Each structure stands twice: as C-alpha cells, then as structure tokens.
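what's the 3D shape of this:
(one chain, ligands or ions: 2)
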Amino acid sequence: MSDAPKPEIFKGLAGVPVDYTAISKVNAETNSLLYRGYPVQQLAASATFEEVAYLLWHGELPDERQLAEFEQFERANRHLDPVVKHVVDALPTNAHPMDVVRTAVSVMGARDGLTADDSPEAELDKSKRLFAAIPAVVAYDQRRRRGLELVEPRDDLGYSANFLFMAFDEVPELPVVDAFDVSMILYAEHSFNASTFTARVVTSTLSDLHSAVVAAIGALKGPLHGGANEAVMHTFDEIGEAERASAWLDEALAAKRKVMGFGHRVYKNGDSRVPTMKAALDSLVEHYDRPDLLALYEALANEFTERKGIHPNLDYPSGPAYHLMGWDTEQFTPLFVASRVTGWTAHIMEQRASNALIRPLSVYDGVDQRDVPQREPVE
Ligand SMILES: CC(=O)SCCNC(=O)CCNC(=O)[C@H](O)C(C)(C)COP(=O)(O)OP(=O)(O)OC[C@H]1O[C@@H](n2cnc3c(N)ncnc32)[C@H](O)[C@@H]1OP(=O)(O)O
Ligand SMILES: O=C([O-])CC(=O)C(=O)O
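Numbers count the residues shown, from 1 in each chain. Ligands and ions are numbered 1, 2, ... in the order given. All right, here's what the predicted structure looks like:
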C-alpha cells in the first residue's frame, strides 16, 4: 500500500453539492421544502397531485385551460397496455411489487415510439404518459395477487380517486382520496435523493428517459430509501401493540437494528413533510376508527425520538396510512414510485438541458503495482 497522504473523501457524498437545481429546495435549517418556490404544505392543502405534477415539469402551476388539457391527457392514457398486462401476468405472484413495476416501466420503454427522441417535447410527453400509466400497473398487480380481475379506469374520476378505484373496485370516500392525494404530493420530489441522483447519472450518459426511471426504481427499492415505508409496516406488525413498543425497542437497539422510518441524510431535526402526512394519517385513523394503530405509532415515535434524538421521516406516517387504505404492505413502495416519477422525470429533463457526464473520482486503496507471476510452460 502507498503511504502517500490520502485525499479527503466524502463517504456517501454526504454534504457534497454536485449541481444546481431549480425544481425543489430542501432546507434542513428552516425545516422546509419548496417545489418551484411553493411550500409543499401549501400545495398539499390547496392543490391536486395533477397540478403539482404539472408544476414540477413546467415550473408554474397550470391555469384553468392548461389543467383541463393535462387532466384530459392523463385520463386518456390511464389504461393498462395489454402487452404490459401480459408481461405482468407472466411474473410470479411472489415477485416483489417493486420488481413488477420496474419490469413494467422497462416494457413501456421498449414499446415507446419516442424512446430515442430526447427533444424537450418528447421527454415531456413520455413523462406524462408514465405518470398516467403507472397507477394501472400498481393497482392491477395488487389485484392479481388477490386472484382478482383487472378494473378498467374511470375517466370521470381524478388521478387519486381513479387510482384507488382501480385497486379496490369501489369509488373511495373523500377523506381517503384526500389523504392519498396528500401522500402523492409529499412524495413527489426531494432534490438529489438517491433515486433521483441515480436517474440523473443515467441521463448524464445520454441514455433514454425510461432507462433512467427503471434505474431510479431500483434505487428507491432499498430500505434505506423508499423501501422504508414497507419496512415501517413490518415493524408495526412485529411490535403488535403500543404497550410492547418500549420492550421491542430495547431489543432492536441492543441488536443494533435500524428502526425504519426514522432518520434522514439531510434533515436532522425532523422531516418537513411529516406534520402534513401525520395530519392525513390522523384523519384516516378517525375515518377507519383505528385508535390502536395511532397509539402504536405515537408510542414508537415518542420512545425512539426521546432515546436517540432521531426523528420520523415521511415513510413513518405513510406506511400506516397506506395500510389503513387497504394496500398490501409490499405495494407501499410502488405507490412512492407512482408519485416520484414526476420528480424523477423533471430532473431527467433538467439534467439533459444542462448536461455533464457524472463521473466522480475514486481514491485507489488497494495493493501497490506488481507484476503478474510468469508461469513455467507446462510440458
Ligand atoms: C423517503 C426517504 O427515503 S427517507 C429515508 C428512509 N429510510 C429509513 O427510514 C431507513 C432508516 N434510516 C436510516 O438508515 C438513516 O437514518 C438514513 C440512511 C436515512 C440516513 O442516514 P445517514 O445520514 O447516513 O446517517 P447515519 O446512518 O450515518 O446515522 C447516524 C447515526 O444515527 C444512527 N441512525 C440513523 N438512523 C437510524 C435509525 N433509523 N435507526 C437506528 N439508528 C439510526 C446511525 O446508526 C448512526 O449511528 P452511529 O453514529 O452510532 O453509527
Ligand atoms: O431526500 C432523501 O434523501 C430521501 C427522501 O426523503 C426522499 O427521497 O423523499
């Protein structure tokens, strides 16, 4: 090994700014999150997810006419492509739903007539079509696992109501639609998180939009990132009831386990999105009359934050919220995909508009140069 001084490295790129972005601002100091300048809490309170998607792509909220046009486009592109359905049907029901949605997006890419066209118009068109098409994959995947038939979309319903309708074959009640829409808005965008950065790395090689989204889905699947919303529900199942939270935590901490749904790379004093998602969870708890679930939520959050000073992130309230709506636990992260595809594609377009190949340096830390041993030729 060389004994030359080693340059400083920033493991996990922690704290390293790598580019500018105009899409969102995560501010840990003020505990705030802005999408194109708008506080996410205000958007969650007064905009629909369709409006937020439009905002992320275009930089401005739509006016009435623009929104009507976009809604019409989204409703016209909601159907599950029969070829995608055929592929999904061929996958085993024990395949993880994230593998299914990743495969479905890959099939969509291979079938997309615009794959090679990276003009801004084509990229926007592909983004909107992915946004419209992913809910049918996620909803159908849950149904096929339950042995149920595909439910066709309804074009008289908004994005969130229709998404839930395709999954559960009934028009959901308003508090449920509202909570779901809030979750979609909060999950939509979060600057250079691991999956978005992955999408930007793939785009930086001048690869296509679908390839970047497929790679981003792979990054989101991990439990340190989007997979945590599923993991939170497994934790709740393990604990069972509020009274057991403290004893469960004793064991988890003694075993040096990570407690899923807590902690964040950027926010160290709490995730800006949690109060809004917690309010949505509260309304669901009331709607479904599940104070027991809320008691467990509070018991674990209070105990862990008090002991370790580590706060819940967005996945902590989202997990139980999706559970109350009736989603299977393994479908929680695909719901995150359905939302984050808006942020990913906005970043893909931003990266392409001002591209530089992303290729950092490594510091070699292996054996010094040496010669390959010469073997005697075998007689
Ligand atoms: C939408 C999202 O993607 S939000 C993130 C979702 N992910 C999770 O909820 C998974 C659980 N959380 C974690 O693993 C981490 O908090 C991360 C990966 C999100 C952020 O991690 P980092 O910024 O790299 O912080 P790091 O992992 O170094 O944590 C610092 C210390 O806090 C501890 N810590 C952080 N989060 C947790 C946690 N959830 N449970 C237990 N300990 C934790 C670490 O073990 C570490 O302790 P140490 O200094 O004694 O080694
Ligand atoms: O920003 C991050 O590192 C993770 C996160 O909260 C997100 O992607 O929403």
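
residues in contact with stretch 149-167?
Applying C-beta atoms under 8 Å, 6 or more residues apart in numbering, the contact partners of stretch 149-167 are 48-50, 71, 74-76, 78-80, 85, 135-136, 138-140, 142-144, 169, 171-172, 176-177, 180-181, 184, 325-327, 338. All C-beta atoms are positioned from the backbone trio N, CA, C, and that covers glycine.

6 Å - rerun?
The contact list for stretch 149-167, computed with C-beta atoms under 6 Å, 6 or more residues apart in numbering, reads 49-50, 75, 78, 135-136, 139-140, 142, 169, 171-172, 177, 180-181.

check stretch 260-280 too.
Contacts to stretch 260-280, defined as C-beta under 6 Å, 6+ apart, come from residues 26, 28, 31-33, 41, 44, 179, 182, 186, 228, 231-232, 235, 304, 310-318.

of these, buried ones?
Among those, the ones that count as buried by 16 or more other C-beta atoms under 10 Å are 26, 31, 33, 41, 44, 179, 182, 186, 228, 231-232, 235, 304, 311-318.

and the contacts of stretch 149-167, which is closest to ligand 2?
Distance to ligand 2 across the contacts of stretch 149-167 (C-beta to the nearest ligand atom) is lowest for residue 49, with 15.3 Å.

excluding its backbone neighbours, what's nearest that closest one?
Spatially, and ignoring its direct neighbours in sequence, residue 49 is nearest to residue 184 (4.2 Å; C-beta to C-beta, 6 or more residues apart in numbering).

and if you look at residue 261?
Once flanking residues are discounted, residue 261 sits nearest to residue 316: 3.4 Å by C-beta to C-beta, 6+ apart.

distance of the residue most central in space within the chain from residue 289?
Geometric centre of the chain, nearest residue: residue 336, 3.5 Å, by C-alpha atoms, centre = their mean. Going from residue 336 to residue 289 by C-beta to C-beta, to the nearest Å gives 27 Å.

before we move on, the earlier item: what strand or helix carries the residue nearest to residue 49?
helix 174-187 (DSSP states H and E).

and ligand 1, which of the buried ones among the contacts of stretch 260-280 contact it?
Among the buried ones among the contacts of stretch 260-280, the ones lying near ligand 1 by C-beta under 6 Å from any ligand atom are 228, 313, 314, 315.
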